[in-house]
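[1] I would like to see how this sequence folds:
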Amino acid sequence: MTSLQAFKNSEKIKKLEQRIEADKYDAEAWSQLFQEASKSLKIGDGRDYYERFLAIFPTSSRHWKVYVDHEMAQRNYTQVESIFQRCLLESVSVELYQSYLQYVKISKSSSPTYRTKLREAYTFAVDMCGLHFASTPIWNEFITFLKGDDGEASFVARDKVMEIRKAYQKAVLNPKQGLETLWKSYNEWEKSVDETVAKRARDNCSRTYTIAKKVSRQLEDLSKPLNKPTLARPPRGDSQETNMLHAWLQYLAWEQKNPMGYEGKDFMAHITRVTFAYKQAFETLRYYERIWLDYTIFLQNAASSLQSLGDSNGSEELSKLATKQFEKASKVIPGSLMIGFAHADHIEAIGNLDVVDIYERLLKDASDLDIPLVFVQYLRHLRRSSSDRKPRRTCFKRARNDPRSTYHVGVAAAMMELTGGDDGKTVCTNIFEFLLSKFPGEAGLVREYLTYLLQQSNQDNTRAVFERTLDKLPSDKAQSVWDMYHDFEVDHGDLNSVFELEKKYPHSDSTNDSHAIENLYNRFKFKDLKPCSNLVLETFGLVKEGKGNNDLSYKNSQLHWSTLETSTLPNTTQMKPFHPSRLLNPGVVFPPAIKELLMSLPPPSEFVAERPPVIPCDHLMREIASRVVPPPSDGNPINEVTEETERPVNRKRKAESSAGLDMFKERQRLKALA
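    Model prediction:
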């Protein structure tokens, strides 16, 4: 048995494979399998496991690095080159770019153009990850390389100084770890070149460096929760993912606030920093629609800002970048309606009305439940893009024959016909009638049709639709249509028609015959104007249950107590009986008012389970309301303690406190005289 066969047949690997088969985004199982493969298999056998892993988690830079290192150890430079071509452009990982530089140093060392290739590699690395907070080691390596790069005649001294200065200034003018040490190194180098030039260069950079140093401290705090290695997978809603998302959103929002204060001609630097921040976020939040949408919205707004600044070329480039990001997002999350619709709107907004491919892709990728909304948005686009109704009607015909479609698509198509000329109303009505025959039990459809008829002031047809649809609706869906019918009769009918309808009106409590007050309430209300307060409504035995106009139900004692019985009640078997006699401890001294109240309560002998005290609540409330209670002297009844009820120990403390205060005042007076 080969080592690969033994590896596959081990119980641990079998269990991991079973977990992955059950959930292809099981990050823990994948991580363990990847680790076992890298530890136990040669690169030829482990390559398949690496490829499988990275097909599911393509933004995991640390696993790309393990793959590269394993190939490098066997000097498989062709494979290494291929891996870097696949992962570097999508990554901003400092560790991965360090591996790339190490690969160039090893594999190109015998080339006659070695130093040129290495300089290009360093330039590429700092361009791709040089804004990373942890990129200082790469900048130091690059600058050290430039300082020693005098092996080519073309790299004359003046060019060398300019390149070193340019690299130093790029490094020190952006927040990162070790910025102060880097700034000190830059100043020492400038002095070694030319003291006069050094002062001028330092003065030109000092303001931006000071801001970068301050921002570095903020960035360090924001970066701490982001450094936890996390594999990108679709959101699952657990607390760890929620905390991670919150940390990233906080960082991204901070970057969008432009902490470096870039403006004017430097505004593009702000856009570059935010773009880099989103690239970092995608390594962890690749499957979060919000991150893609936030980024594309930022690019759209930035394009508008550049346009207002007169930078048409920059604005166009950002619009193209936004389009590219939408395309990438659609591939990562192919069934996302939010991304698809936003993508289509973006293309349409920049002047390209041909977005049919986007909607066709959504019809293919979206879930069955989402198909109706795709058709609705498709119809809306066709209405905006052309005054010709034929493409729109063709789309509706297609939706009508699609088994996944619902009445919503028909309602959208019907309402769009109203803007289509003289026959618009006729076509709209015909569509609604067709929908009623196809979806007879949909209360939402009935309400939409009735709303349309009311807008057309077609009262006779409206009443007829009410009558013929209510009998077909299930009782659990018909209530809202009944409410609408009642409002219609109140607004457009006479009192006799209202009275006749109220006789047929299905009330929420079918066992209660006294619905006259409920009918009155529904008749007299208007929108959110009510004929009585909620408290008065309670006294009618009615309670408001929802947000609708007619969401009333009877709240009689039987309904009320049965509702309570379904709630969590205290365990009365564990309660101890109440004994007021325990409160009347002779050692306890009460204020006169409390003492008088206790004396007026029923005696302790009355508090027994067989013979509980009966308190006439109405009489008690009337007595309380009729009494005039004089205000206490200091406005606080708690402080009404008389001299005779005050404990001796309290009087002693007051006396000592007063004496101490007098001594303090006397000392202060003597100091003033001195």
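[2] for Thr296, give me its contacts.
    Ala322, Gln325, Phe326, Ala329, Ala342, His346 (Cβ atoms under 8 Å, 6 or more residues apart in numbering). For every residue, glycine as well, the C-beta is placed using N, CA and C.
[3] out of those residues, which one sits closest to Arg233?
    Ala329 (15.9 Å; Cβ to Cβ).
[4] in the helix or strand containing the closest one, what's buried?
    Per DSSP states H and E: Ala329 is located in helix 312-332. Using 16 or more other Cβ atoms under 10 Å as the test for burial, helix 312-332 gives 314-315, 317-319, 321-323, 325-326, 329-330, 332.
[5] now pLDDT and distance to His246 too, for those residues, in JSON lines please.
    Shown next, in JSON lines, are the buried residues of helix 312-332 (pLDDT from 0 to 100; distance: Cβ to Cβ, whole Å):
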{"residue": "Gly314", "pLDDT": "92", "distance to His246": "32"}
{"residue": "Ser315", "pLDDT": "94", "distance to His246": "32"}
{"residue": "Glu317", "pLDDT": "95", "distance to His246": "32"}
{"residue": "Leu318", "pLDDT": "95", "distance to His246": "27"}
{"residue": "Ser319", "pLDDT": "95", "distance to His246": "30"}
{"residue": "Leu321", "pLDDT": "96", "distance to His246": "27"}
{"residue": "Ala322", "pLDDT": "96", "distance to His246": "25"}
{"residue": "Thr323", "pLDDT": "95", "distance to His246": "29"}
{"residue": "Gln325", "pLDDT": "97", "distance to His246": "23"}
{"residue": "Phe326", "pLDDT": "97", "distance to His246": "25"}
{"residue": "Ala329", "pLDDT": "97", "distance to His246": "21"}
{"residue": "Ser330", "pLDDT": "96", "distance to His246": "26"}
{"residue": "Val332", "pLDDT": "96", "distance to His246": "21"}
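[6] relative to Tyr77, which of those residues is nearest.
    Val332 (30.8 Å).
[7] for Leu542, give me phi and psi.
    Phi and psi for Leu542, reported as degrees, to the nearest 10, are phi -110, psi 150.
[8] hey, what's it bridged with?
    Tyr554 (DSSP bridges).
[9] okay, now it: neighbour count?
    Residues lying near Leu542 (other Cβ atoms under 10 Å) number 22.
[10] distance of it from His486?
    16 Å (Cβ to Cβ, to the nearest Å).
[11] Ala171 belongs to a strand, doesn't it?
    No. Read with DSSP: H, G, I helix; E, B strand; the rest coil, Ala171 is helix and lies in no strand.
[12] show me the shaky parts of the stretch 151-300 of the chain.
    151-156 (pLDDT under 70).
[13] now do the strands in it.
    In the stretch 151-300 of the chain, no segments count as strands under DSSP state E, counting those that start in this stretch.
[14] got it, and the stretch 401-550 of the chain?
    Along the stretch 401-550 of the chain, counting by DSSP E, counting those that start in this stretch, strands occupy 542-544.
[15] so where is it shaky, pLDDT-wise?
    The stretch 401-550 of the chain contains residues with pLDDT under 70 at 420-422, 507-514, 544-550.
[16] re the thing from before, would you turn the buried residues of helix 312-332 into a markdown table with distance to Tyr521?
    A markdown table is the format used below for those (distance: Cβ to Cβ, whole Å):
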| residue | distance to Tyr521 |
| --- | --- |
| Gly314 | 63 |
| Ser315 | 59 |
| Glu317 | 63 |
| Leu318 | 58 |
| Ser319 | 56 |
| Leu321 | 59 |
| Ala322 | 54 |
| Thr323 | 56 |
| Gln325 | 55 |
| Phe326 | 52 |
| Ala329 | 51 |
| Ser330 | 52 |
| Val332 | 54 |
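[17] show me which of the residues you listed is closest to Val104.
    Nearest to Val104 among the buried residues of helix 312-332, with distances taken as Cβ to Cβ, is Leu321, at 28.3 Å.
[18] one step back: next secondary structure after the helix holding Ala329?
    In N-to-C order, the element after helix 312-332 by DSSP H and E is helix 337-349.
[19] which other helices and strands does the helix holding Ala329 contact?
    Applying 3 or more Cβ pairs under 8 Å, 6 or more residues apart in numbering; DSSP states H and E, one finds that helix 312-332 makes contact with helix 267-285, helix 289-308, helix 337-349.
[20] show me which positions of the shortest one end up buried.
    Residues of helix 337-349 classed as buried: Leu337, Ile339, Gly340, Phe341, Ala342, His343, Ala344, Asp345, His346, Ile347, Glu348 (neighbour count, 16+ other Cβ under 10 Å).
[21] ok, now the second one?
    The neighbour-count check on helix 289-308 (16+ other Cβ under 10 Å) flags 289, 291-296, 298-300, 302-303, 305-306 as buried.
[22] check stretch 44-54 too.
    Within stretch 44-54, the residues that count as buried by 16+ other Cβ under 10 Å are Asp45, Gly46, Arg47, Tyr49, Tyr50, Arg52, Phe53, Leu54.
[23] what do you get for stretch 437-453?
    By 16+ other Cβ under 10 Å, the buried positions in stretch 437-453 come out as Glu442, Ala443, Leu445, Val446, Arg447, Glu448, Tyr449, Leu450, Tyr452, Leu453.
[24] hang on, Pro259 packs against Gln218?
    Yes. Pro259 lies in contact with Gln218 (Cβ atoms under 8 Å); the separation is 6.6 Å.
[25] ok, those two, which is more surrounded?
    Set Pro259 next to Gln218 and count neighbours by other Cβ under 10 Å: Pro259 wins out with 18 against 12.
[26] spatially nearest residue to the more buried one (excluding sequence neighbours)?
    Val215 (4.9 Å; Cβ to Cβ, 6 or more residues apart in numbering).
[27] dump the residue contacts of the one you found.
    Pro175, Pro259, Met260.
[28] now the second one. Its backbone dihedrals?
    This points to Pro259. Backbone torsions of Pro259, given as degrees, to the nearest 10, read phi -60, psi -20.
[29] among the buried residues of stretch 437-453, which are located in helices?
    Assignment to helices by DSSP state H places the following of the buried residues of stretch 437-453 there: Ala443, Leu445, Val446, Arg447, Glu448, Tyr449, Leu450, Tyr452, Leu453.
[30] need those residues in JSON lines (columns: distance to Cys87).
    JSON lines is the format used below for those (distance: Cβ to Cβ, whole Å):
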{"residue": "Ala443", "distance to Cys87": "54"}
{"residue": "Leu445", "distance to Cys87": "52"}
{"residue": "Val446", "distance to Cys87": "56"}
{"residue": "Arg447", "distance to Cys87": "54"}
{"residue": "Glu448", "distance to Cys87": "52"}
{"residue": "Tyr449", "distance to Cys87": "56"}
{"residue": "Leu450", "distance to Cys87": "59"}
{"residue": "Tyr452", "distance to Cys87": "56"}
{"residue": "Leu453", "distance to Cys87": "61"}
